[in-house]
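**Q** predicted model and sequence below, questions to follow.
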Amino acid sequence: MTTPRPAHVPESRVVDIDIYMPPGLAEHGFHKAWSDLTASHPAVVWTPRNEGHWIALGGEALQDVQSDPDAFSSRVIVLPKSIGEQHGLIPTTIDPPEHRPYRLLLNASLNPAAIRGLSETIRATATELIDGFAARGHCNFTAEFAEQFPIRVFMSLVGIDASEAPKIRHWAECMTRPGMDMSFEDAKQEFFRYLAPLVDARTTHPGEDMLSKMITADLGGRRLTRDEALSLSTQVLIAGLDTVVNVLAFIIREVADNAALRADLRARGSDVLPVVNELFRRFGLVSIAREVRRDIEFQGVSLKAGDMIAIPTQVHGLDPAVNPDPLAIDAMRKRARHSTFGSGPHMCPGQELARKEVAITLEEWLKRIPDFAVADTSDLSPVPGIVGALRRVELVWPT
C-alpha cells in the first residue's frame, strides 16, 4: 500500500524507496544499494512507502536532521509513523533538554574509562569463542561468534544470564524488523513483563551491574520511576543485542574478501583502531527517523509540521560528496565523516563499547586465523529492517 503525494511535495522529489528494502538491495548488497541511491538522487526525497515520508539521502542533510532537535523531533523515530508512535522508549524518543538526565545515566556505564575497565573481560570472551573453533578450519561466524560475543559481553554488563539472550533478542528483532511473528507493541509488552520483576528486585537490592546503577542513580534529587526504569532498560537491551552482532558480520565478510586489508590488520597488531574507525564509517547500519516540528524550508523543499523524515545513518558515510570513493576501505582517509553512531544529542552512548569489541575481535581473530574466506554455504541475502544484516556468514580457513 502506498500513500498519495501531499500537495506540498514536488513531483520531482518523489521516489519509490522502501527504506527497509531499498532498490538494489538484493542485487548489490546493503551498502552498495544505499551508496548508489545517495549518488543518484537529491539530498532530500519523498517516498509513498511506509505511510509516506521524506528521506535524507545526502550525508550533510542527514547530519543536519540529526543535529537539530529544534526542527526535527525524536518523538517518533520508527517508520511507519503509526507504529513509531507506539515506541515511546527513553531516552531515544525524548528531545533536549529533557533527555539529558537519562542520557547521563547511560554515559556513566558506557564512557571510555568504564569500557577500558572491561577490556580484559571482552578479550577473554573473544578468545574463548575463537579458540573453540580455530582448529576446526570452519565456522558459522554468525551463530558461533557474532551472536555470542557481543551478547555475552553485554549481558554481563547488565547482569542478566546469557542464556536469556535468545528470547530477548527475538523481542528486539520484532521491534526492528517487519514480518516477524509478534507485533511491535506485543514485543514491547513482553520486554516490560520480563523486566518488571528484575527492576523491582534491583530497586530494593541493587548490584554492580549497569541496570542497577541506572535504577538507583540520583536524578536531580529523585530516582527513576518504575515506568521510566522499564522504558530505559528496554531501550538498553534493544540497543545492546542487535547492532554490534550485525556490524561484525559485515566487517568479517569484508576482511575475508579483502587480502590487502587482512595483511594491513595483521601488520598493525594491536594498533587497529584507525582501521576500525574506517570500517564503522563504511558499514553503517541503522535507518531511523525524525518528526518535523514546524513548517520549514529544508534542502529546497517545504517540510510541514508532523511530516516524517527518514535518516538512514549509513548514507552519511557512503555519500561520495562527503567521502570520496566511499565503498573503499582506506585507513588513511582524512577527516572521514559518518553517522554510524549518530550525531547530535542522541549520538550512540555505546560507541566506545562497539569500537572496543570490533578491535579486539580483529586482533584476536587474526592471531589465530590469519587467512580465511567466506564459505559457499553462507547466505549473504539481505534481511529487511531498521538494522541492516546478513543472514548467515560462514567462514573457512586452512588448518
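**A** Ah, there it is. Numbering: from 1, shown residues only.
**Q** would you map the strands across the stretch 201-350 of the chain?
**A** With DSSP state E, counting those that start in this stretch as the criterion, the stretch 201-350 of the chain has strands at 287-292, 296-298, 301-303, 308-312.
**Q** can you list the low-confidence ranges for the stretch 251-399 of the chain?
**A** Nowhere does the stretch 251-399 of the chain drop to pLDDT under 70.
**Q** do a quick rundown of the helices in it.
**A** 259-268, 273-282, 314-318, 351-368 (DSSP state H, counting those that start in this stretch).
**Q** one more: the stretch 1-150 of the chain?
**A** 25-28, 30-40, 59-67, 81-84, 100-110, 112-116, 119-131, 141, 149-158.
**Q** and the shortest one, what does it pack against?
**A** I take that to be helix 141. helix 243-257 (3 or more C-beta pairs under 8 Å, 6 or more residues apart in numbering; DSSP states H and E). The way it works is simple: take the backbone N, C-alpha and C, and place the C-beta from them, glycine included.
**Q** other SSEs contacting the helix it packs on?
**A** Short answer (3+ C-beta pairs under 8 Å, 6+ apart): helix 243-257 packs on helix 141, helix 149-158, helix 259-268, helix 273-282, helix 351-368, strand 373-374, strand 390-392.
**Q** and the angle for the longest one with helix 119-131?
**A** Relative orientation of helix 351-368 and helix 119-131, computed by axes from the mean of the first three to the mean of the last three C-alpha atoms, to 10 degrees: 40 degrees.
**Q** per-residue pLDDT of the residue nearest the centre of the chain, please?
**A** In the chain, the residue lying closest to the centroid (C-alpha atoms, centre = their mean) is residue 243, at 4.0 Å. pLDDT, residue 243: 89.
**Q** thinking again about what came up before, can I get the strands of the stretch 201-350 of the chain in TSV with distance to residue 333?
**A** As requested, the strands of the stretch 201-350 of the chain are exported to TSV (distance: least, C-beta to C-beta, whole Å):
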stretch	distance to residue 333
strand 287-292	24
strand 296-298	29
strand 301-303	31
strand 308-312	21
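**Q** thinking again about what came up before, the residue nearest to the centre of the chain: what's it in contact with?
**A** 285, 286, 354, 387 (C-beta atoms under 8 Å, 6 or more residues apart in numbering).
**Q** ends of stretch 275-292, how far apart?
**A** 36 Å (C-alpha to C-alpha, to the nearest Å).
**Q** now it, how far from the centre of its chain.
**A** Mean C-alpha position of stretch 275-292 versus that of the full chain (C-alpha atoms, centre = their mean, to the nearest Å) differs by 7 Å.
**Q** could you do stretch 258-276 as well?
**A** On C-alpha atoms, centre = their mean, the centre of stretch 258-276 falls 23 Å from the chain's centre.
**Q** check stretch 111-127 too.
**A** Worked out by C-alpha atoms, centre = their mean, stretch 111-127 lies 20 Å from the chain centre.
**Q** same thing with stretch 324-340?
**A** Counting by C-alpha atoms, centre = their mean, stretch 324-340 comes out at 18 Å from the chain centroid.
**Q** tell me which residues in it are buried?
**A** Within stretch 324-340, the residues that qualify as buried are 326, 329, 330, 331, 333, 336, 338, 339, 340, counting by 16 or more other C-beta atoms under 10 Å.
**Q** hey, C-alpha coordinates of that stretch in PDB?
**A** What follows is stretch 324-340, C-alpha atoms only, in PDB (Å, rounded to 0.1, in the frame of the first residue of the first chain):
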ATOM      1  CA  PRO A 324      35.300  10.300  -2.000                       C
ATOM      2  CA  ASP A 325      35.300   6.600  -3.200                       C
ATOM      3  CA  PRO A 326      33.100   5.800  -0.200                       C
ATOM      4  CA  LEU A 327      33.000   2.000  -0.800                       C
ATOM      5  CA  ALA A 328      36.800   1.700  -0.500                       C
ATOM      6  CA  ILE A 329      38.300   0.900   2.900                       C
ATOM      7  CA  ASP A 330      41.100   3.500   3.500                       C
ATOM      8  CA  ALA A 331      42.600   3.600   7.000                       C
ATOM      9  CA  MET A 332      44.500   6.800   5.900                       C
ATOM     10  CA  ARG A 333      41.300   8.600   4.900                       C
ATOM     11  CA  LYS A 334      41.500  12.100   6.100                       C
ATOM     12  CA  ARG A 335      38.600  13.600   8.200                       C
ATOM     13  CA  ALA A 336      36.200  10.800   7.300                       C
ATOM     14  CA  ARG A 337      32.700  11.800   8.300                       C
ATOM     15  CA  HIS A 338      29.800   9.500   9.100                       C
ATOM     16  CA  SER A 339      26.800   9.000  11.300                       C
ATOM     17  CA  THR A 340      27.200   5.300  12.100                       C
END
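**Q** tell me who's in contact with residue 3.
**A** Residue 3 touches 48, 49, 51, 52, counting by C-beta under 8 Å, 6+ apart.
**Q** make it 10 Å
**A** Contact analysis of residue 3 by C-beta atoms under 10 Å, 6 or more residues apart in numbering lists 46, 47, 48, 49, 50, 51, 52, 53, 80.
**Q** can you read off the pLDDT for it?
**A** 97.
**Q** can you check the one 10 residues further on too?
**A** Per-residue pLDDT puts residue 13 at 98.
**Q** neighbour count and distance to residue 371 added to the contacts of residue 3, as a markdown table?
**A** Output for the contacts of residue 3, formatted as a markdown table (neighbours: other C-beta atoms under 10 Å; distance: C-beta to C-beta, whole Å):
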| residue | neighbour count | distance to residue 371 |
| --- | --- | --- |
| 46 | 24 | 47 |
| 47 | 24 | 43 |
| 48 | 19 | 48 |
| 49 | 21 | 43 |
| 50 | 24 | 43 |
| 51 | 16 | 48 |
| 52 | 20 | 49 |
| 53 | 23 | 45 |
| 80 | 17 | 45 |
